[in-house]
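> after the sequence you'll find the predicted model.
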Amino acid sequence: MTRPDGTGLPRTWRKPPFIANPALRYGLWLAATVYLVWALGSLPFNWERIGEGLPRAARIFGGGFPPSFERSGLLISGFKESFQIAILATLLGVALSIPFAVMAAKNVAPRPIYLFGRAVIIVSRSFHPVIVAILFVAAVGFGPLAGILTLTIYSIGFVGKLLAEEIEEIDWGQVEAMKAAGAGYLATLVYAVFPQILPRQVGLSMYQLDSNLRASAVVGIVGAGGIGGTLMNAFGRYDYDFAFAILLTIIAVILVSEGISGWVRKQIW
């Protein structure tokens, strides 16, 4: 912005840099550049193999258009199973996340219980759902049970963490009022804590259902049921037009679920 002052000289305002110390600022840029060059130079990129894969990628995309919806029965049954996995895992995960969130909230739980609750949530969030799905597939076999267990653990980690943080930020006056009236621990939770986090819990449940719908397609690729297994089989049979039909349907379903979830959260908040 330039504005003339009384001397006729322009006064120019410049946005101050995010890091005021120039030595530190340019040092960080230099360190980031050196690391980027080192990382790209040390990773084992096989450019010859990448070059050979480009024609293969062209064949896959060429074979995928136009997408084929002839086997709509297989498509619908795969999505039906994914919906069942996502809904059951969301219900179980949200229900189990509530007690773990209470245990992981510092202001309502004794310290040993708090540490245990935090540990459970941290462990639940430590691994990507695909890794957890591989473990459950090895433990209980291929199929939707592995997917339900995987997404239940995933839901506990995400919803439990955010609910615990919400409990730690509640208005403590209502809790003090319940305690002054002689209410016990459980009654205080039910009538003073849970009503304050209920809107947040409903919004998180809708978001988690939306997230589980997407994740159910991913974990199915490693054998945990749902449309992911159908997609993997289609690619395995070089049935690219059907695979692309599945991908387009996944995109459409995610768009619809995202819109519904966003509308519900907007109505609540």
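Cool, got the structure.
> switch to C-alpha atoms for all contacts and neighbour counts from now on
OK.
> relative to Tyr191, how far out is the most centrally placed residue in the chain?
For the chain, the residue sitting closest to the mean C-alpha position, by C-alpha atoms, centre = their mean, is Ser211 at 5.7 Å. Using C-alpha to C-alpha, to the nearest Å, Ser211 is found at 30 Å from Tyr191.
> separation between the closest residue to Arg125 other than its chain neighbours and Val123?
Ranked by C-alpha to C-alpha, 6 or more residues apart in numbering and with sequence neighbours excluded, the top spatial neighbour of Arg125 is Gly157, at 4.9 Å. Distance, Gly157 to Val123, using C-alpha to C-alpha: 8 Å.
> who has more neighbours, those two?
Gly157 (25 against 13; other C-alpha atoms under 10 Å).
> so how far is Leu163 from the more buried one?
10 Å.
> and if you look at Ile254?
Separation of Ile254 from Leu163 (C-alpha to C-alpha) stands at 25 Å.
> neighbour-wise, which of the two wins?
Neighbour totals were compared for Ile254 and Leu163, and Leu163 leads with 24 against 16 (other C-alpha under 10 Å).
> these two touch, right, that one and Pro199?
No: contact criterion C-alpha atoms under 8 Å: Leu163 and Pro199 do not qualify, at 10.7 Å.
> in stretch 252-269, what's buried?
Val253, Ile254, Ser257, Glu258, Ser261, Gly262, Arg265 (16 or more other C-alpha atoms under 10 Å).
> which ones among those residues map onto helices?
Those of the buried residues of stretch 252-269 mapping onto helices are Val253, Ile254, Ser257, Glu258, Ser261, Gly262, Arg265, per DSSP state H.
> would you list these in JSON lines and tack on distance to Gln174 and pLDDT?
Formatted as JSON lines, those follow (distance: C-alpha to C-alpha, whole Å; pLDDT from 0 to 100):
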{"residue": "Val253", "distance to Gln174": "42", "pLDDT": "84"}
{"residue": "Ile254", "distance to Gln174": "40", "pLDDT": "82"}
{"residue": "Ser257", "distance to Gln174": "36", "pLDDT": "79"}
{"residue": "Glu258", "distance to Gln174": "35", "pLDDT": "78"}
{"residue": "Ser261", "distance to Gln174": "31", "pLDDT": "74"}
{"residue": "Gly262", "distance to Gln174": "30", "pLDDT": "76"}
{"residue": "Arg265", "distance to Gln174": "25", "pLDDT": "69"}
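> state the distance from the nearest residue to Val108 once chain neighbours are set aside to Leu96.
In space, and not counting its chain neighbours, Val108 is closest to Val102: 6.9 Å by C-alpha to C-alpha, 6+ apart. Per C-alpha to C-alpha, Val102 is found 11 Å from Leu96.
> low-confidence ranges in the protein?
Within the chain, the ranges that satisfy pLDDT under 70 run 1-11, 265, 268-269.
> what about the strands in it?
Under the criterion DSSP state E, strands of the chain are mapped to 2-4, 10-12.
> name the residues of stretch 138-155 that come out as buried.
Using 16+ other C-alpha under 10 Å as the test for burial, stretch 138-155 gives 142-155.
> got the contact list for that stretch?
Contact with stretch 138-155 is made by 81, 85-86, 88-90, 92-94, 97, 124-125, 129, 132-133, 136-137, 208, 212, 215-216, 219-220, 223-226, as judged by C-alpha atoms under 8 Å, 6 or more residues apart in numbering.
> leaving out chain neighbours, which residue sits closest to Phe235?
Going by C-alpha to C-alpha, 6+ apart, Phe235 has Ala243 as its nearest residue, at 6.3 Å.
> the one you found against Phe65, yeah?
No: counting by C-alpha under 8 Å, Ala243 does not reach Phe65; the two are 10.1 Å apart.
> compare neighbour counts for the two and give me the winner.
Ala243 (26 against 13).
> got the contact list for the more buried one?
Ala243 touches Gly64, Pro67, Leu231, Ala234, Phe235, counting by C-alpha under 8 Å, 6+ apart.
> isn't the first one right up against Leu247?
No: in this structure, Gly64 sits apart from Leu247 without contact. The criterion is C-alpha under 8 Å, and the distance is 10.2 Å.
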